[in-house]
Each structure stands twice: as C-alpha cells, then as structure tokens.
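The sequence and its predicted three-dimensional model are supplied below.
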Amino acid sequence: MVPRQIVRQSVYVYTAVCPSLGKMTSLILPRSDTQMMNRFLKHVSEDYKDYFVILIVDQAGWHTSDALEIPENIRLVYLPPYSPELNPVEHIWEYLRENDLSNKAFTSLDQLEKTLCRSLNKLEKNPKLVKSMTNFPYLRVT
C-alpha cells in the first residue's frame, strides 16, 4: 500500500549545477519569489566565486522580475516555454523523486526538509553521479 498525504505546507529547493564538474549547490527556502531568488543567486555567486556562471532558468516570474539582483559573475539564460527537460537541474529533481521521495508520507515539514538535506548532501558528495545526470552534449563548451 502506498502512503497518501494531503499537503498543507511547502518548501522550495533551489539548485544550481555545474554539469562538467558534477558540482552542485542548493538552498531550501520557504517560498518561490524574487526575494528568495535573489538570496539564491547571491549564494550561487559566492559558492562559484571563481567561475563565470551561466544559469539556465525557465521564465517564471521570479526569474524575470525587474527586482532581480543578478551578481556580476552570473548570467541567466531563459529556456523556451514548455521545455523543462533542457534544464539539467530537472534531472536532479527526477532523481530525488524516484530515489528519495517516492511512496513516502512525511509527518512534518521538518521531516521533509531533513530528508531533502540528506538527499541533496548525498548528491553533492557524488560528482560522478551528478555529472552523469546533467552533462549533456548541448551544454559542453570548449
């Protein structure tokens, strides 16, 4: 029997990945909005301070807002509508859903966050796996 859960609370996972290195960084935040996106962009900028980051994003309002504060070492590239499979991070979500979150009902938001943290940390420690899920030929730049 598969557990059933009625969701009344949410958290949002923001993740950036460097496919060629298999490196990733994530934040679990309470909302998806411009303020949280600004916090995430600052985090990515600091975590990848030695790199110029091209971040692939969809055209959600918090990705296109005039109030978005894009750090100097980051450029956003917008995906065409209805093409999430082109974003390497979508493959991270698929992996988490299939391997760590499927058929589970969480008793609290805190339990979900702990599971997400464990899963994301496990992936961050496995660059070979991250690379295999995200390093597609169309992303390789020489």
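Okay, I see it.

who touches the least confident helix or strand in the chain by mean pLDDT?
In the chain, no helix or strand scores lower on mean pLDDT, DSSP states H and E than helix 61-64, which sits at a mean of 88. The contact list for helix 61-64 (CB atoms under 8 Å, 6 or more residues apart in numbering) reads 32, 33, 34, 36, 37, 57, 68, 76, 78. (Each C-beta comes from the backbone N, C-alpha and C, glycine too.)

got the CA positions of that helix in CSV?
Extracted C-alpha coordinates of helix 61-64, given in CSV (Å, rounded to 0.1, in the frame of the first residue of the first chain):
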residue,chain,number,x,y,z
GLY,A,61,8.1,35.5,-12.7
TRP,A,62,10.8,35.4,-10.1
HIS,A,63,13.4,34.6,-12.8
THR,A,64,12.4,37.6,-15.0
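
List the buried residues in that helix.
62, 63 (16 or more other CB atoms under 10 Å).

swap in stretch 35-48?
Neighbour-count burial for stretch 35-48 [16+ other CB under 10 Å]: 36, 37, 38, 40, 41, 43, 44, 45, 47, 48.
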